[in-house]
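This is the structure alone, sequence omitted:
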């Protein structure tokens, strides 16, 4: 890869790419002069010790079926020529395109005909919100991701790996811990057609049946025993938006208690954290007041304060994943504790 000094206007985008958890490629006259680790992972078929060009990435994407859009495949060379012309003439534009069956928001920033950059961000829609085909600005995406970063880290600290899948088990999105699990194999694996599966055929059948039932609305939640060859581990399947499900598994190592996580991550007091985990476990304010021998008004204020602290910045969806995963795997203490 070239060692040319990158203009400041483009090198500043490297930090932005980190904020939005994206892959960034910086080009000088069609040659990649910088690619972060996410970009190298995304385009892992290339030998990054050699010179890589825009043409190389596009042509490999077409040849290996990573690009499947009919309009492009009808005349790849013409599309490549158009894309190169657009990169040379346009200072800034953004669009959405599938790659390996995964939708990416693509952000192009150009200085002139010689210098430009692309940031690739996998579309991470809220699994509880309606479909949205619009491409958010990099600034809006950065703010949203920063707000959700703390909650996403809770999944890691609890040892919970999560993935969003379609009714036929095709992967839509994965937490970083789930990505690591899928790379090394074990309890869960990435199978043909980018589908979540297991090495054990019977476990795979049970998992796929549970995913189809939950994503299709026939079941609310399911715990599936999965054999990894040495032990049996529980995998939870929870509902997401229509036609999708969330699959979560927990490391066998004892996770950090949810109550302690809420205190350290969001500044909850011990009493607020006690109330928060009970709400997550399904108790009403009246039941909590009776169990903890507190006034009902005090408990309601603690619930409201806890929700404000945890949900700042639109983090409610990840919070729901965390608390439900904790409930399913016993991360929340028994209600009589």
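Yep, that arrived. Quick caveat, the model's predicted, so the values are computed rather than measured. Numbers count the residues shown, from 1 in each chain.

which SS class is the closest residue in space to residue 232 that isn't next to it in sequence?
The shortest distance from residue 232 to any non-neighbouring residue, by C-beta to C-beta, 6 or more residues apart in numbering, is to residue 225 (5.0 Å). C-beta: built from backbone N, CA, C; applies to glycine. Following DSSP: H, G, I helix; E, B strand; the rest coil, the label given to residue 225 is strand.

so residue 204 touches residue 198, yeah?
Yes. Using C-beta atoms under 8 Å, residue 204 makes contact with residue 198 at a distance of 4.3 Å.

Compare these two and say which is more crowded by neighbours.
Counted by other C-beta atoms under 10 Å, residue 204 and residue 198 do not tie: residue 198 has more neighbours, with 23 against 20.

Next, the contact list for that one, please.
Residue 198 is in contact with 187-189, 204, 207, 226-228, counting by C-beta atoms under 8 Å, 6 or more residues apart in numbering.

what helix or strand does residue 71 sit in?
helix 70-73 (DSSP states H and E).

burial of the residue nearest to residue 292 when sequence neighbours are not counted, as a residue count?
Of all residues not flanking residue 292 in the chain, residue 274 sits nearest, at 6.6 Å (C-beta to C-beta, 6+ apart). Using other C-beta under 10 Å, residue 274 has 23 neighbouring residues.

Give me the distance between residue 274 and residue 260.
11 Å (C-beta to C-beta, to the nearest Å).

shared neighbours of these two, anything?
Counting by C-beta under 8 Å, 6+ apart, residue 274 and residue 260 have no shared contacts at all.

pretty sure the residue nearest to residue 232 is touching residue 202, no?
No. The criterion here is C-beta under 8 Å, and residue 225 misses it with residue 202 at 9.7 Å.

tell me the strands in the stretch 151-300 of the chain, going along the chain?
160-166, 171-174, 189-190, 196-197, 222-227, 232-239, 244-250 (DSSP state E, counting those that start in this stretch).

Tell me the buried residues in the fifth one?
Of the residues in strand 222-227, those with enough neighbours to count as buried (16 or more other C-beta atoms under 10 Å) are 222, 224, 226.

Looking at the residues you listed, which one is closest to residue 47?
residue 226 (36.4 Å; C-beta to C-beta).

got a list of what the closest residue to the closest one other than its chain neighbours touches?
Spatial nearest neighbour of residue 226, excluding adjacent residues (C-beta to C-beta, 6+ apart): residue 203 at 4.3 Å. Contact analysis of residue 203 by C-beta under 8 Å, 6+ apart lists 224-227.

Make JSON lines out of the residues you listed and add distance to residue 10 and pLDDT.
Listed next are those as JSON lines, based on distance: C-beta to C-beta, whole Å; pLDDT from 0 to 100:
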{"residue": "224", "distance to residue 10": "47", "pLDDT": "86"}
{"residue": "225", "distance to residue 10": "50", "pLDDT": "86"}
{"residue": "226", "distance to residue 10": "45", "pLDDT": "85"}
{"residue": "227", "distance to residue 10": "49", "pLDDT": "80"}
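
now, among those residues, which is nearest to residue 239?
Closest approach between the contacts of residue 203 and residue 239, by C-beta to C-beta: residue 224, at 14.5 Å.

hang on, the earlier thing: which one of the contacts of residue 198 sits closest to residue 53?
Relative to residue 53, the closest of those is residue 189; by C-beta to C-beta it sits at 33.6 Å.

from what I can see that closest one touches residue 182, true?
Yes. Contact status for residue 189 versus residue 182: in contact at 6.4 Å, counting by C-beta under 8 Å.

Now do the shared contacts for the two.
residue 196.

that older thread, redo the strands of the stretch 151-300 of the chain as JSON lines? Include distance to residue 64.
Shown next, in JSON lines, are these (distance: least, C-beta to C-beta, whole Å):
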{"stretch": "strand 160-166", "distance to residue 64": "22"}
{"stretch": "strand 171-174", "distance to residue 64": "18"}
{"stretch": "strand 189-190", "distance to residue 64": "16"}
{"stretch": "strand 196-197", "distance to residue 64": "21"}
{"stretch": "strand 222-227", "distance to residue 64": "30"}
{"stretch": "strand 232-239", "distance to residue 64": "30"}
{"stretch": "strand 244-250", "distance to residue 64": "26"}
